[in-house]
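Peer 1: output the structure for:
(chains A and B)
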Amino acid sequence: MSNKKGNSKKYSRSNLSAQEYQSFAKTKEPPRSIFKNCLMAFFVGGAICCFGQGVTEFYMYIFKMSSQEASDPTVATLILIAVILTSLGIYDKFAQFAGAGSAVPVTGFANSVCSAALEHRSEGLVLGVGGNMFKLAGSVIVFGTVAAFFVGIAYMVLGIGGH
Amino acid sequence: MLTGQQTWKFQREPRIISTATIVGPDEAKGPLGNSFDKCYDALEIEEKTWEKAERRLLNEATQLALSKKNLTPNDLQVYVGGDLLNQIVTNNFVARELKIPYLGVFGACSTSMESLAIVAQLVSSGAVKKGMAGASSHNCTVEKQFRYPTEYGAQKPPTAQYTVTGAGAAVVSLEGEGPAIEAATIGRVIDLGITDPFNMGGAMAPAAVDTIIAHLNDMNRSPKDYDLIVTGDLASVGHPIAIDLLKKEQVPIQSTHFDDCGLMIYNTKEQLVQAGGSGAGCSAVVTYGHLVDELNKGHLRRILVVATGALLSPITYQQGDSIPCIAHAVALKGKGVE
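Peer 2: This is a model prediction of the structure:
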């Protein structure tokens, strides 16, 4: 029905190999701004840590705690703030521009546990929340423990630390 | 009737006699916001779970497509639909409400045109008198199933896409007014080894190109025979790749308007959607909303919708497999176009 002139020519189908295509597609990816990401991570992560230091000072000053005693309530405070921001739907938007700056401190860990717990609440408390809340944080715990084990062995062998 | 190797050219052309589109807040804020029948201003869609939210979108879209033409489910002899969730569960539950014969299909984000092609074939062949095609996606159900919990703070790379919250449905019949379905080209699975699930556009572009070339060859047409050729959800990374691949094969794609639903639905510069939209709902709501409107108004005469799908599961990419992709094309024409 639409046999117009010049239309009889058939187009050939691509015979690009997978390798050729992958290297071509790679050139089409917008660059990830590594410099900007590093800068953001440095400043946001640093700001969170400065804030944490402020919280520590607050506990030391108001409740006359030692710096060691103040560290536990400081971590608890940061976790609480991160959980509230996660529940309000703010933390993930903040993380999109903060990158590793919001992922690395304890707030990132709290966000990973809280977000998974919220997400799977609809599947019940046991199989949903209980079974899924460490879905993301679980590997941090596992590999953190494994790393601590090997660091402990190294300390023992070298005869340092271990008090 | 089979034309060439992959194309069904309909001797009796079925028409899209009614459509409905329902979307979430981000789509409402996009450039096509006015073309949707109903917009919800929160992702919860007034439901308790994300899964129920998606179900409600599609339930309402299917009911609205019927009620616009004073039809009831019993006027239809088949519903064909799909979505991105495991066991295409949204559509199974929607079909439970419709209580009519149901074929569930999965083509990832190509489901919109896969279901429309099947319904068109069933109607054209006389297997059914009237049928309905539907497709849906919800940003949070997809995030939850394929990526991370929705509130998890992971930075997305610029190649990532934002899943559309929306559902679209179309009623197809030989009798009635509306855009005619001229032909459908069924795609092949193409996999050129992209493994990054945050670069679906790049993975799917070769599948879109393969189907476009197959369609043009089978129909003995060139791009300029269409006012618009629109891909489903290649977005700002995949769409330029598709243009390059088409040019490489000497397809004069610049002689028509070549666009992408994933780029049309959002204002990608201002909305935080990275490369653009994706999801089975993306091409469904753009086609059944804006594009059908434009065909009905006569602003567009003939278009080719090439819905693209990435056929992966969270398990296959974690196991290191590459992403198999597919694209299905449906050619639509406005009233009075020969």
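
Peer 1: contacts, neighbours, all on C-alpha from now
Peer 2: Noted.

Peer 1: which residues does the residue in chain A that chain B sits nearest to contact?
Peer 2: Nearest residue of chain A to chain B: A:Asp92, at 3.9 Å (CA to the nearest CA). Contacts for A:Asp92 were tallied using CA atoms under 8 Å, 6 or more residues apart in numbering or on different chains; they are A:86, B:150-154.

Peer 1: let me have those in TSV, extended by neighbour count, secondary structure and distance to A:Thr56.
Peer 2: Supplementary listing: the contacts of A:Asp92 in TSV, determined by neighbours: other CA atoms under 10 Å in any protein chain shown; DSSP: H, G, I helix; E, B strand; the rest coil; distance: CA to CA, whole Å:
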residue	neighbour count	secondary structure	distance to A:Thr56
A:Thr86	27	helix	22
B:Thr150	21	coil	31
B:Glu151	26	coil	28
B:Tyr152	29	coil	27
B:Gly153	28	coil	25
B:Ala154	25	coil	27
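
Peer 1: picking that back up, read off the pLDDT value for the residue of chain A closest to chain B.
Peer 2: Reading off the confidence values, A:Asp92 has pLDDT 94.

Peer 1: could you list the low-pLDDT ranges of chain B?
Peer 2: Scanning chain B for pLDDT under 70 picks out nothing.

Peer 1: my bad, chain A
Peer 2: Counting by pLDDT under 70, chain A has low-confidence residues at A:1-9, A:161-163.

Peer 1: which residues does the residue of chain B found nearest chain A contact?
Peer 2: Closest approach between chain B and chain A, counting by CA to the nearest CA: B:Gly153, at 3.9 Å. By CA under 8 Å, 6+ apart, the residues touching B:Gly153 are A:91-96, A:102-103, A:108, A:111-112.

Peer 1: now secondary structure too, for the residues you listed, in TSV please.
Peer 2: TSV is the format used below for the contacts of B:Gly153 (DSSP: H, G, I helix; E, B strand; the rest coil):
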residue	secondary structure
A:Tyr91	helix
A:Asp92	helix
A:Lys93	helix
A:Phe94	helix
A:Ala95	helix
A:Gln96	helix
A:Ser102	helix
A:Ala103	helix
A:Gly108	helix
A:Asn111	helix
A:Ser112	helix
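
Peer 1: may I have the phi/psi pair for the residue in chain B sticking out farthest from the centre?
Peer 2: Of all residues in chain B, B:Gly153 has its C-alpha farthest from the mean position, at 28.9 Å, by CA atoms, centre = their mean. With angles defined as degrees, to the nearest 10, B:Gly153 sits at phi -90, psi 80.

Peer 1: got it, and the one 3 residues further on?
Peer 2: Note on B:Lys156: its backbone torsions stand at phi -90, psi 140 [degrees, to the nearest 10].

Peer 1: from memory it sits against A:Ala95, does it?
Peer 2: No. Using CA atoms under 8 Å, B:Lys156 is not in contact with A:Ala95, being 9.3 Å away.

Peer 1: mind checking which of these two has more residues around it?
Peer 2: Between B:Lys156 and A:Ala95, A:Ala95 has the larger neighbour count (other CA atoms under 10 Å in any protein chain shown), namely 22 against 16.

Peer 1: what's near enough to touch the more buried one?
Peer 2: Counting by CA under 8 Å, 6+ apart, A:Ala95 touches A:101-103, B:153-155.

Peer 1: apply 10 Å and report the result again.
Peer 2: A:41, A:44, A:101-103, A:108, B:151-156 (CA atoms under 10 Å, 6 or more residues apart in numbering or on different chains).

Peer 1: closest one to A:Thr77 out of those, please.
Peer 2: A:Gly108 (13.4 Å; CA to CA).

Peer 1: would you map the helices across chain A?
Peer 2: A:18-28, A:34-62, A:67-87, A:91-98, A:100-103, A:106-119, A:131-132, A:137-158 (DSSP state H).

Peer 1: present those as CSV; the columns should include distance to B:Asp37.
Peer 2: Formatted as CSV, the helices of chain A follow (distance: least, CA to CA, whole Å):
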stretch, distance to B:Asp37
helix A:18-28, 36
helix A:34-62, 40
helix A:67-87, 31
helix A:91-98, 29
helix A:100-103, 39
helix A:106-119, 29
helix A:131-132, 37
helix A:137-158, 41
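
Peer 1: can you report phi and psi for B:Asp260?
Peer 2: Backbone torsions of B:Asp260, given as degrees, to the nearest 10, read phi -140, psi 130.

Peer 1: what is the burial count for it?
Peer 2: The number of residues near B:Asp260, taken as other CA under 10 Å, comes to 26.

Peer 1: test my guess that it contacts B:Gly277.
Peer 2: Yes. At 9.3 Å, B:Asp260 and B:Gly277 qualify as touching, with contact defined as CA atoms under 10 Å.

Peer 1: who touches residue 28 in this structure?
Peer 2: Just going to use chain A. Going by CA under 10 Å, 6+ apart, A:Lys28 touches A:22, B:159, B:202, B:236-238, B:240-241.

Peer 1: should've been chain B
Peer 2: Contact analysis of B:Ala28 by CA under 10 Å, 6+ apart lists B:22, B:34-36, B:38-41, B:165, B:265-266.

Peer 1: over to B:Gly336?
Peer 2: Contact analysis of B:Gly336 by CA under 10 Å, 6+ apart lists B:179-180, B:298, B:301.

Peer 1: now do the phi/psi pair for it.
Peer 2: phi 80, psi 10.

Peer 1: tell me the spacing between it and B:Leu295.
Peer 2: Counting by CA to CA, to the nearest Å, the separation of B:Gly336 from B:Leu295 is 11 Å.

Peer 1: cool, B:Ala61 as well?
Peer 2: B:Ala61 sits 20 Å away from B:Leu295, going by CA to CA.

Peer 1: list the contacts of the most centrally placed residue in chain A.
Peer 2: By CA atoms, centre = their mean, chain A has its centre lying nearest to A:Ala103, at 3.5 Å. Applying CA under 10 Å, 6+ apart to A:Ala103 gives the contacts A:41, A:45, A:95, A:109-112, B:152-155.

Peer 1: thank you, goodbye.
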